[in-house]
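Trainee: everything below, folded, please.
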Amino acid sequence: MVRFFLIVSFLFILADTFAGDNDSKKKKEIDQQGLITTLSYGDPAPLGRYFFIVSAMAADSLDNHVYTDSISKSLLLSNAFYTPQNEPIFRFDKDPYEQYYKIFLGREHQSCVDVTYDYFQPIQGLSINPMNYGNGQNFYLRHQGNGRYKIYHSSGKVIAVNLNRSYHGSNIVLLEDSDSLELQWIFVDPVSFEIYKPL
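Mentor: Numbers count the residues shown, from 1 in each chain. Below you'll find the model as predicted:
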């Protein structure tokens, strides 16, 4: 009889331990699901820093520095926008609950690069608008090597220098992804003029 009670007690303890393991496993899975939103599409953006965003057409792939005063203004992302820019520098920022980055213009962090779709246009242009939580301001990056990046909009299209002005009035447009150099960008430190290259 004692043996029976010992066996039953052992089975209860074993069942409780197994249930506890299942509970902790479920909790871990739920915690990991919560962490999924802190990940990003594409590659990590450099956060907490300001950059000139410059077309890769402005520099040789071996260059480590780009002096923005010596390149064509059409190759600077800040010159894509109709309103004059006092601070033509950008900063990437990410909401911890989003999978995309916002690209803020200037140090006030109130206005972002935005895409407002005009379905009557074959090519979409970019603008600067106050920060909102719409899809137009969601971007992600893919590093192409040696400090060259493609900047993707959440639609999957890529920010590109507009070499064909007949498409749109803007200097910068969204295009389908391709291997063209006009779709690649470099991030230049505004003080040292050094090209950012990820480790």
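Trainee: number of nearby residues for the closest residue to Pro46 other than its chain neighbours?
Mentor: Spatial nearest neighbour of Pro46, chain neighbours left out: Tyr196 (5.6 Å); criterion: Cβ to Cβ, 6 or more residues apart in numbering. For the C-beta atoms, the positions are set from N, CA and C on the backbone; glycine is no exception. Other residues within reach of Tyr196, judged by other Cβ atoms under 10 Å, total 14.
Trainee: got phi/psi on Tyr196?
Mentor: Torsion angles at Tyr196 (phi, psi; degrees, to the nearest 10) stand at phi -70, psi 130.
Trainee: cool, and Asn79?
Mentor: Dihedral angles (degrees, to the nearest 10) for Asn79: phi -90, psi 10.
Trainee: so it sits against Asn162, correct?
Mentor: No - Asn79 is not in contact with Asn162 according to Cβ atoms under 8 Å; the separation is 11.3 Å.
Trainee: so what sits against both of these two?
Mentor: In terms of Cβ atoms under 8 Å, 6 or more residues apart in numbering, Asn79 and Asn162 are both contacted by the residues Asn171.
Trainee: looking at these two, which is more packed in?
Mentor: Asn162 (21 against 15).
Trainee: list the contacts for the nearest residue to the more buried one once chain neighbours are set aside?
Mentor: Using Cβ to Cβ, 6+ apart and skipping residues adjacent in sequence, the residue nearest Asn162 is Val173, 4.6 Å away. Shown in contact with Val173 (Cβ under 8 Å, 6+ apart): Ile123, Gln124, Gly125, Leu126, Ile159, Ala160, Asn162, Tyr167.
Trainee: please repeat the previous calculation with a cut-off of 7 Å.
Mentor: By Cβ atoms under 7 Å, 6 or more residues apart in numbering, the residues touching Val173 are Ile123, Gln124, Gly125, Ala160, Asn162, Tyr167.
Trainee: so which helix or strand takes in Phe52?
Mentor: For Phe52, the host element (DSSP states H and E) is strand 52-55.
Trainee: now, which of the contacts of Val173 lie within strands?
Mentor: With DSSP state E as the criterion, strands contain Gln124, Gly125, Ala160 from among the contacts of Val173.
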